[in-house]
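**Q** using only what follows, build the 3D model:
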Amino acid sequence: MTVSYEITKRSLREYFLNDFLASIVVFLVALPLCMGISIAAGLPVSAGIITGIVGGGIVSLLSGCPLQVSGPAAGLVVVVIELIQQHGIESLGVIITLAGLIQVLAGFAGLGQWFRAVPPSVIHGMLSGIGVLLMLSQFHVMVDDSPKGEAWKNLISIPEAIYKGIVHAEGASHHLAAMIGVCTIVSVIIWDKLPLHKLPWKWVSLIPGALVAIVAATAIDGIFDLPIKHVELPANLLSDLRLPSLAAFTRMTNVDLLVDAVAVAFIATAETMLTATALDKLAIGHRTKYDREMKAQGVGNMICGLIGVLPMTGVIVRSGVNVKAGGRTRLSSFLHGVWLLLFVSCAPHIVRLVPISSLAALLVLTGYKLVFSPETKELRKFGKSEMTIFFVTLTSIVFVDLLTGVLIGVLLSIAKLLYHFSHMNIRKQSEDKRHKTSLYLSGAATFLSLPKLAQAIEDVPADSELHVHLEDVDYIDHACLDLLMTWDKQHRASGGNLVIDWGTLGAMYRDRRRTPRGELVAKDISTQSELMEILQGDDDDLDAAYSSTDGDGKGKSADEKAREAGDRAKLADKKAKAADKKAKSASEKAKAANENARVANEGAKAASEIARAEGEKPLEADGKTKV
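**A** As a prediction, the model looks like this:
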């Protein structure tokens, strides 16, 4: 008992130490990202930091994915900018509160797994589209300029921003800010390429490249005292908050606000579920409770909306760092929120030294990673259709808006699914010398493909033998089944012949109704009439299960009842005859076995007599077989 207690105590100490160290690393990654996302969204720095504090201090305790780190995400920056432009800063809090409420209700309704049902091509198209928008807008901020609003305006003004960043203009400092931004990006790339894991000091490899880049950029800026923009952080963290007024909450039933709230809830939840799924693969032994995670995210967004800060989601960058840094429990995420609160409360002067261009450069790099992520490259393995949906979703998000782009991607995925479920390929092979034609069918034979199938069999010569191969057919409906049966009769009447596996055909048709396919394929059906008898038997069994009254509550006529009773009697008689036939067959087999046993006994007696005549020990015929 003592040994067990000591092991548990030691494990708890190890877990606490691992979580403590991981929380520091996560905090160092989260701080510049929280600030950069706030600036990119056009809100005070405190809005992003407080969202990170709520994500760490509250959501982590309720989370269904203990290792996930929640906070402001780059993926929601574009959404926030659009919401502020359309509805104003006060309505932003109302929309985020409604989005959180939708997430909580969806979690209680058990819809957590359903949010994972969005096709990967749409999800990655959405994230890549957000990445493009992020790069286009933050590229201007990186040179201490302002974004131009819409994506196409940001795109066509990129050459102007590059010119400002290269050419020194009198009284402007764009080129200096661009230099700091480039230094930041180069520092991250070099740091990530270094073989730090080979160093004897393992803790060095845990230092995030973003922190190294921010420190380097801030040091260069401080040494040369560059006249560029810096982060503005008030002495009181809450002084910059713009709480939504009561009048703003009276618009909660506004249709436009509700639609935008659904969009925020959908995007935030989709990104959270992607992050949780990725963490389940990274951290063996951890399994996400998706409904609980959705409710926790909803509670966090409701709090963020009520206090007027940025919305939150599960963030893959911070969560991945948490796992790689050795985080074991939800304590690491909780402590990172504590460190955020202590740092901005006790050392705000350090935050004010950070150049804005450096934070914007980090977001440009983040956008690039969203566009060219490993998951995006993996989509190529799944065919051109997935890549088409990906690019259409990406383009629609960039040049229309986020919600429209996602809806277009989902509709394209549904259209692709319907195409595959309804499409049938027909390959025709003719042998004129043998008067033989073969049709190889694959896919789903439904009424949508009926004209194509009808044309293929109508082109078969009247006196030829048609072989229809069904090995690759997944499904057939009544329309195509009826077409084949009708054409079979007509073709035979004209001197031709149809060779088809009616048993397989019946199995595919009846499989969708109630009988397992394996059981049906085992039935030996060689003609169309046998198939019709089987299907008629199914109809009789189904009719027996129905009520004797129709939809209007009226009873069936005596003739109808008599006809149904006669059909059931015929079916019962047919089954009885089949049973008698089986019984006769079994009786004949038993007689044959008895005859064989009798012959064996006579042979044993003869052998015994021969042995007795030769003076040997007689054989015993004790192995008589009884049947």
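
**Q** residue 114: neighbouring residues, count only.
**A** Counted with other Cβ atoms under 10 Å, residues neighbouring residue 114 total 13. All C-beta spots, glycine's among them, are computed from the backbone N, C-alpha and C.

**Q** now it: how far from residue 55?
**A** 23 Å (Cβ to Cβ, to the nearest Å).

**Q** same question, residue 590
**A** Residue 590 is 79 Å from residue 55, by Cβ to Cβ.

**Q** those two: which has the busier surroundings?
**A** Taking other Cβ under 10 Å, residue 590 and residue 55 do not tie; residue 55 has more neighbours (35 against 11).

**Q** which residue packs closest to the more buried one, ignoring adjacent ones?
**A** residue 70 (3.4 Å; Cβ to Cβ, 6 or more residues apart in numbering).

**Q** just how off-centre is the host helix or strand of residue 135 within its chain?
**A** Under the criterion of DSSP states H and E, residue 135 resides in helix 120-141. Its chain's average C-alpha position is 20 Å from that of helix 120-141, according to Cα atoms, centre = their mean, to the nearest Å.

**Q** the stretch 251-400 of the chain: strands as residue ranges?
**A** 313-314 (DSSP state E, counting those that start in this stretch).

**Q** and the helices in it, which stretches?
**A** 255-282, 290-307, 316-324, 331-346, 348-351, 356-371, 374-378, 384-399 (DSSP state H, counting those that start in this stretch).

**Q** could you dump those helices into a markdown table and include mean pLDDT, distance to residue 457 and mean neighbour count?
**A** Formatted as a markdown table, those follow (pLDDT from 0 to 100; distance: least, Cβ to Cβ, whole Å; neighbours: other Cβ atoms under 10 Å):
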| stretch | mean pLDDT | distance to residue 457 | mean neighbour count |
| --- | --- | --- | --- |
| helix 255-282 | 88 | 47 | 21 |
| helix 290-307 | 94 | 50 | 24 |
| helix 316-324 | 84 | 54 | 22 |
| helix 331-346 | 92 | 65 | 21 |
| helix 348-351 | 86 | 77 | 15 |
| helix 356-371 | 89 | 50 | 24 |
| helix 374-378 | 83 | 42 | 13 |
| helix 384-399 | 92 | 30 | 20 |
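
**Q** quick one, which of those helices is nearest to residue 216?
**A** Comparison of these against residue 216 by Cβ to Cβ identifies helix 356-371 as nearest, at 8.8 Å.

**Q** report all helices and strands that the closest one contacts.
**A** In this structure, helix 356-371 makes packing contacts with helix 2-41, helix 120-141, helix 174-193, helix 209-224, judged by 3 or more Cβ pairs under 8 Å, 6 or more residues apart in numbering; DSSP states H and E.

**Q** ok, back up a step: following the chain onward from the helix holding residue 135, which element is next?
**A** Sequence order places helix 151-156 as the next helix or strand after helix 120-141, per DSSP H and E.

**Q** quick check: next helix or strand after that next one?
**A** Following helix 151-156 in sequence order, the next helix or strand is helix 158-166 (DSSP H and E).

**Q** for that next one, give the mean pLDDT please.
**A** For helix 158-166, mean pLDDT rounds to 92.

**Q** buried ones in it?
**A** Neighbour-count burial for helix 158-166, counted by 16 or more other Cβ atoms under 10 Å, picks out 161, 164, 165.

**Q** do stretch 47-63 as well
**A** In terms of neighbour count (16+ other Cβ under 10 Å), stretch 47-63 has its buried residues at 47-60, 63.

**Q** how is this protein partitioned into domains?
**A** Domains of the chain are assigned by automatic domain parsing as 18-414, 425-545.

**Q** highest mean neighbour count out of these?
**A** Highest mean neighbour count of the domains of the chain: domain 18-414, a mean of 20 (counted as mean count of other Cβ atoms under 10 Å).

**Q** so how far is it off the chain centroid?
**A** That offset, for domain 18-414, works out to 21 Å (Cα atoms, centre = their mean).

**Q** can you get me the start-to-end distance on that domain?
**A** 45 Å (Cα to Cα, to the nearest Å).

**Q** stretch 228-244 now?
**A** Taking Cα to Cα, the first and last residues of stretch 228-244 lie 33 Å apart.

**Q** name the residues that touch it?
**A** 35, 39, 44-47, 49-50, 89-94, 97, 144, 173, 176-177, 180, 221, 305-309, 344-345, 348, 351-357, 359 (Cβ atoms under 8 Å, 6 or more residues apart in numbering).

**Q** do stretch 105-118 as well
**A** By Cβ under 8 Å, 6+ apart, stretch 105-118 touches 64, 265-266, 269-270, 273, 277, 289-295, 298, 410.

**Q** ok, now which ones touch residue 192?
**A** Contacts of residue 192 (Cβ under 8 Å, 6+ apart): residue 209.

**Q** and the gap between it and residue 319?
**A** Taking Cβ to Cβ, one finds residue 192 at 18 Å from residue 319.

**Q** ok, residue 253 next?
**A** Where residue 319 is concerned, residue 253 sits at a distance of 35 Å (Cβ to Cβ).

**Q** same thing with residue 378?
**A** Distance from residue 378 to residue 319, by Cβ to Cβ: 20 Å.

**Q** again, but for residue 194
**A** Residue 194 is 23 Å from residue 319, by Cβ to Cβ.

**Q** was I right to think residue 449 contacts residue 421?
**A** No - Residue 449 is not in contact with residue 421 according to Cβ atoms under 8 Å; the separation is 10.9 Å.

**Q** narrow the buried residues of stretch 47-63 to those in helices?
**A** 47, 48, 49, 50, 51, 52, 53, 54, 60 (DSSP state H).

**Q** check which helix or strand covers the closest residue in space to residue 351 that isn't next to it in sequence.
**A** Of all residues beyond its chain neighbours, the one nearest residue 351 is residue 233 (4.7 Å), with distances taken as Cβ to Cβ, 6+ apart. Using DSSP H and E, no element contains residue 233; it sits outside every helix and strand.

**Q** turn the helices and strands packed on helix 356-371 into TSV, including distance to residue 465 and mean pLDDT.
**A** Shown next, in TSV, are the helices and strands packed on helix 356-371 (distance: least, Cβ to Cβ, whole Å; pLDDT from 0 to 100):
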stretch	distance to residue 465	mean pLDDT
helix 2-41	71	75
helix 120-141	45	88
helix 174-193	68	92
helix 209-224	72	90
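
**Q** dump these to a markdown table, plus distance to residue 454.
**A** Listed next are those as a markdown table, based on distance: least, Cβ to Cβ, whole Å:
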| stretch | distance to residue 454 |
| --- | --- |
| helix 2-41 | 59 |
| helix 120-141 | 35 |
| helix 174-193 | 61 |
| helix 209-224 | 64 |
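
**Q** those: which one's closest to residue 499?
**A** Between the helices and strands packed on helix 356-371, helix 120-141 lies closest to residue 499; by Cβ to Cβ that is 42.1 Å.

**Q** hey, C-alpha coordinates of that closest one in PDB?
**A** Written as PDB, here are the backbone C-alpha positions of helix 120-141 (Å, rounded to 0.1, in the frame of the first residue of the first chain):
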ATOM      1  CA  PRO A 120     -11.600  18.100 -45.100                       C
ATOM      2  CA  SER A 121     -11.300  19.900 -48.500                       C
ATOM      3  CA  VAL A 122     -13.800  22.500 -47.300                       C
ATOM      4  CA  ILE A 123     -12.100  22.900 -43.900                       C
ATOM      5  CA  HIS A 124      -8.600  23.300 -45.300                       C
ATOM      6  CA  GLY A 125     -10.000  25.500 -48.100                       C
ATOM      7  CA  MET A 126     -11.500  27.700 -45.400                       C
ATOM      8  CA  LEU A 127      -8.200  27.800 -43.400                       C
ATOM      9  CA  SER A 128      -6.200  28.500 -46.500                       C
ATOM     10  CA  GLY A 129      -8.600  31.300 -47.500                       C
ATOM     11  CA  ILE A 130      -8.200  32.800 -44.100                       C
ATOM     12  CA  GLY A 131      -4.400  32.500 -44.500                       C
ATOM     13  CA  VAL A 132      -4.500  34.400 -47.800                       C
ATOM     14  CA  LEU A 133      -6.600  37.200 -46.300                       C
ATOM     15  CA  LEU A 134      -4.300  37.300 -43.300                       C
ATOM     16  CA  MET A 135      -1.200  37.700 -45.500                       C
ATOM     17  CA  LEU A 136      -2.800  40.300 -47.700                       C
ATOM     18  CA  SER A 137      -3.900  42.500 -44.800                       C
ATOM     19  CA  GLN A 138      -0.900  42.100 -42.500                       C
ATOM     20  CA  PHE A 139       1.600  42.700 -45.200                       C
ATOM     21  CA  HIS A 140       0.600  46.300 -45.100                       C
ATOM     22  CA  VAL A 141       0.800  46.400 -41.300                       C
END
